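Trainee: Give the three-dimensional model of this entry:
(one chain, ligands or ions: 2)
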Amino acid sequence: MSTRKIQIFDTTLRDGEQVPGCKLNTPEKVEIARNLEKLGVDVIEAGFPISSPGDFKSVVEISKAVTEPIVCGLSRAVVKDIETAAEALKYAKRPRIHTGIGTSDSHILHKFNSTREEIIERAVAAVKYAKRFVEDVEFYAEDAGRTDNEYLARVCEAVVAAGATVLNIPDTTGYCLPHEYGAKIKYLKENVKGIDKAILSTHCHNDLGLATANSIEGVIHGAGQIECTINGIGERAGNTSLEEVVMIMRQHPYLNLITGVEAKMLYPISQLVSEKMQMFVQPNKAIVGSNAFAHSSGIHQDGVIKNRETYEIMDPSDVGVDQSLIVLTARSGRAALAYRAHKIGYQLTKDALDEVYERFLAIADRKKEVYDQDIHEMMKDVKIELSA
Ligand code: KIV
Ligand code: ZN
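Mentor: Ligands and ions are numbered 1, 2, ... in the order given. Now for the predicted structure:
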């Protein structure tokens, strides 16, 4: 099986920024975009230019600030939206307009009060109009996750014939199961005439906690691009998390899927986005959470001290985290205490360790975590000899 490079389409600044209360100003967005460029993403979705003058300005400034990635602007399948996106992208070296319309029966009926045939006409017209401004036009079939596959294939075929270069298949409501989403991508790959002229893209939401699994199923079944955000931020339960999909492909080389992402930047950029958006990262978040490389139970600590690989599937430094943490709690054993004490300058004999461990347990039962300062305190009045 030959290796395929999967395009990473970052939408932190568009779908990610739809998180309530997380508005960024233009300089903050430009700073994040510059870091996304260093991270090595292939596409930056910089905003939704028609949505506000601030968003328009951010897309203009990001277009000027980055040169390597494609810069993308969102629009609905509406003439004014497309014109505004084109205008905002005019300084981009590699512009892309991302236009589309809802294709599920629910969207067709309740949002558009329309018919399936009319939606295809509007989709085609939008792609053709966007092509007047830029060569690279991505089409999104909103709520594709709940759109029946046969109809979705007809929509895709029509927009590819109209010139769409990328077909975005969003699971907008995060409803699909991984095998269903994978089958959808496979079906499109096998049934859309002209599909070789376009890249299929995943765009998964996390309402059931399946965004990462669905995106991976999507690329396994032929998608060539993943749309995702740093820290998985986004509307409701968020979008696919960039750091998760990148590391899954990297840690499972037999998948033969690679990306251009510089993994060592994952933790620093996660921190940057968290700080700018004032949205903390949950401690147990995969890859970038503060506990992602922290070990607190005695059995695990003993294993990790002997050999990191016993309980770690990645080297923390590969994702830009300094080192694994041995957290001292009431569940820690002697090995962890001796290890931590050694790190701060105490070489404990066996007897000394026994005595200090008793003191440690008494403190650990009172406190959630035992810190280096507590260890120094414990050592102060230990009567037995210590070789420091
Ligand atoms: O989730 C979604 O369907 C979207 C589209 C606008 C691409 O974000
Ligand atoms: Zn979305």
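Trainee: wait, Val134 sits on Arg94?
Mentor: No. At 9.3 Å, Val134 and Arg94 do not qualify as touching, with contact defined as CB atoms under 8 Å. Using the backbone N, CA and C atoms, a C-beta is placed for each residue, glycine as well.
Trainee: Now do the shared contacts for those two.
Mentor: With contacts defined as CB atoms under 8 Å, 6 or more residues apart in numbering, no residue is shared by Val134 and Arg94.
Trainee: residue contacts, Glu135?
Mentor: Contact partners of Glu135, counting by CB under 8 Å, 6+ apart, are Thr165.
Trainee: starting at the chain centroid, how far to the strand or helix carrying Gly100?
Mentor: The secondary structure element spanning Gly100 is strand 95-102 (assigned by DSSP states H and E). Here the centre of strand 95-102 is set off from its chain's centre by 20 Å, with CA atoms, centre = their mean, to the nearest Å.
Trainee: what mean pLDDT does it have?
Mentor: Here strand 95-102 scores 98 as its mean pLDDT.
Trainee: Who are the packing partners of that strand?
Mentor: With contacts defined as 3 or more CB pairs under 8 Å, 6 or more residues apart in numbering; DSSP states H and E, the secondary structure elements packing on strand 95-102 are strand 70-76, helix 79-88, helix 116-131, strand 136-142, strand 166-171.
Trainee: let's see it at 10 Å
Mentor: Here strand 95-102 touches strand 43-47, strand 70-76, helix 79-88, helix 116-131, strand 136-142, helix 149-161, strand 166-171, going by 3 or more CB pairs under 10 Å, 6 or more residues apart in numbering; DSSP states H and E.
Trainee: Up against ligand 1, what does the stretch 151-300 of the chain have?
Mentor: Taking CB under 6 Å from any ligand atom as the criterion, the stretch 151-300 of the chain approaches ligand 1 at residues 168, 170, 172, 203, 205.
Trainee: Isn't the last one up against Asn214?
Mentor: Yes. Counting by CB atoms under 10 Å, Asn214 is a contact partner of His205 at 9.0 Å.
Trainee: Between those two, which is the more surrounded one?
Mentor: Neighbours of His205 and Asn214, each counted by other CB atoms under 10 Å, are more numerous for Asn214; the result is 28 against 25.
Trainee: Confirm that the more buried one sits in a helix.
Mentor: Yes. Membership of Asn214 in a helix is supported by DSSP: H, G, I helix; E, B strand; the rest coil.
Trainee: what's near enough to touch it?
Mentor: With contacts defined as CB atoms under 10 Å, 6 or more residues apart in numbering, the neighbours of Asn214 are 145, 171, 174-182, 184-185, 202-206, 208, 240.
Trainee: filter these to the buried ones?
Mentor: In these, burial by neighbour count holds for 145, 171, 174-176, 178, 181-182, 184-185, 202-206, 240, counting by 16 or more other CB atoms under 10 Å.
Trainee: Tell me which of those fall in strands.
Mentor: With strands defined by DSSP state E, the entries of those inside them are 171, 202-204.
Trainee: sorry, back to before: partners of the strand holding Gly100, with directions?
Mentor: Pairing partners of strand 95-102, with direction, according to DSSP bridges: strand 70-76 (parallel), strand 136-142 (parallel).
Trainee: And the average pLDDT for the first one is what?
Mentor: When the per-residue pLDDT values of strand 70-76 are averaged, the result is 98.
Trainee: quick one, helices of the protein?
Mentor: Read by DSSP state H, the chain holds these helices, from start to end of the chain: 26-39, 53-65, 79-88, 105-106, 116-131, 149-161, 178-191, 211-220, 242-251, 266-277, 298-306, 334-343, 350-366, 372-380.
Trainee: Noted, bye for now.
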